[in-house]
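Novice: here is the input, now give the coordinates:
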Amino acid sequence: MIIDRRQLALPALAIGLLGVIPGVVMPAFAGADEDAVAKNLEAFRTAQAAANAEGLASLCAAELSYSHSSGVVEDKATFIANATNGKSKWLSLVYEDPKIRVVGPAAIVRFHWLGEQEAVADGKKSSTNLHILMNWQKQGSDWKLLSRSATKLG
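Specialist: Predicted coordinates:
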């Protein structure tokens, strides 16, 4: 079998190019970023359940667009004010089966939201069963919630 330089060059070039493909070089970094987003997602859930304005503010981007399943869209200030106004309290709030996908400086997060709230005024309870889509953005070394959308489930 005769092998010329061209036949040797193509595999060598292909192997060399594998080192510059983001999916091949980035897995260690993507894993660290996914872990950081997962940590912030849980911190967000905890702050939301506790109506912790300071905690929510630290996790949200200034440009936040927060969309409810009713179609209401809030900016950061309005979302935090409404989430912490004391009109209701969370009895339970679960972010079930989160899926996190980091794409460069963005992270796409999807999960099943199961929540139960109680109105402070009359004690009336309400449940929510939603599919959530969140977009997180890496700003400096921190991951911030940039947008959120909710869809009602049966």
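
Novice: quick check: end-to-end length of stretch 66-83?
Specialist: Taking Cα to Cα, to the nearest Å, stretch 66-83 runs 11 Å from one end to the other.

Novice: Ser149 against Ile132, yeah?
Specialist: Yes: here Ser149 lies in contact with Ile132, judged by Cβ atoms under 8 Å, at a distance of 7.3 Å. For the C-beta atoms, the positions are set from N, CA and C on the backbone; glycine is no exception.

Novice: please say which of the two ends up with more neighbours.
Specialist: Ile132 (19 against 16; other Cβ atoms under 10 Å).

Novice: ok, the more buried one - contacts?
Specialist: Neighbouring residues of Ile132 by Cβ atoms under 8 Å, 6 or more residues apart in numbering: 95, 109-113, 148-151.

Novice: confidence score at it?
Specialist: On the pLDDT scale, Ile132 is placed at 98.

Novice: so it is in which element?
Specialist: Taking DSSP states H and E as the definition, Ile132 sits inside strand 125-139.

Novice: quick one: strands adjacent to that strand?
Specialist: Using DSSP bridges, the strands paired with strand 125-139 in its sheet are strand 106-119 (antiparallel), strand 142-152 (antiparallel).

Novice: possible to save the contacts of Ile132 as TSV with pLDDT and distance to Gly86?
Specialist: Putting those into TSV (pLDDT from 0 to 100; distance: Cβ to Cβ, whole Å) gives the following:
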residue	pLDDT	distance to Gly86
Tyr95	97	23
Val109	98	28
Arg110	98	30
Phe111	97	26
His112	97	27
Trp113	97	21
Arg148	98	22
Ser149	98	25
Ala150	97	22
Thr151	97	27
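
Novice: grab the nearest non-local neighbour of Leu133.
Specialist: Nearest residue to Leu133, sequence neighbours excluded (Cβ to Cβ, 6 or more residues apart in numbering): Ser149, at 4.7 Å.

Novice: good, wrapping up.
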